[in-house]
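>>> Got a predicted structure plus its sequence, pasted below:
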Amino acid sequence: MNENKQQPLLIIEDSDEDFTALTRMMSKANIHNPIYRCEDGEEALDFLYHEGEYDNESLSPRPSLIILDLNLPGTDGREVLAELKQNEDLQTIPVVIFSTSSNPKDIDACYRHGISGYIAKPMDTSRLNQLVQTFLEYWFNAVELPSSPINP
């Protein structure tokens with residue numbers, strides 16, 4: 001059994017429909033990692049910094065992978081990503097963008113901030129299923145995820 005299956009994931013997604021589709025596909029792929037969800041950027045930063053309603057670290061464990069939507073209400077995903085990648089303790093967490101934006105400027109900016117991958121959500125459901133299955137196979141069966149901060 002791949003050790004990645006036990007590590008917590010953080011999905012930062014405001015769309016209930018997209019979140020449900022993603023978690024349903026994960027369940028079908030037999031991926032049963034603990035999943036935490038934040039619906040906006042402010043909540044995500046509170047989760048990652050253990051502030052506000054997440055001041056108890058047991059409510060917000062360090063995720064081994066972050067799936068981030070760019071178009072969030074309030075503090076958007078671009079701001080969350082910039083904050084994450086500037087923080088020495090959080091910058092090693094792999095971040096995969098899962099967004100409706102296929103704007104080359106967004107894609108380039110995200111890679112400059114050190115993301116691990118960018119998936120543009122297609123409108124076609126079968127293509128979305130195919131992309132998510134490929135994503136899940138790669139991240140949960142092929143690669144090793146960090147389980148703690150990486151100290152230089």
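Sure, I can see it. What you see is a predicted model; the values in this text were computed from it and never measured.

>>> which element is the most centrally placed residue in the chain on?
In the chain, the centroid-proximal residue (CA atoms, centre = their mean) is I67; its distance is 1.4 Å. Using DSSP states H and E, I67 sits within strand 65-68.

>>> neighbouring contacts of that strand?
Strand 65-68 is contacted by residues 7, 9-13, 22, 44, 77, 80-81, 84, 93-99, 139, 145 when judged by CB atoms under 8 Å, 6 or more residues apart in numbering. Glycine gets a C-beta too; all of them are placed from N, C-alpha and C.

>>> The residue nearest to the centre of the chain and Q6: what is the separation?
Using CB to CB, to the nearest Å, I67 is found at 17 Å from Q6.

>>> Could you do S101 as well?
Where Q6 is concerned, S101 sits at a distance of 32 Å (CB to CB).

>>> more crowded one of the two?
Comparing S101 with Q6 by neighbour count (other CB atoms under 10 Å), the higher total belongs to S101, at 18 against 12.

>>> Next, the closest residue to that one other than its chain neighbours: phi, psi?
Distances taken as CB to CB, 6 or more residues apart in numbering place L70 nearest to S101, at 5.3 Å, with adjacent residues excluded. Backbone torsions of L70, given as degrees, to the nearest 10, read phi -80, psi -40.
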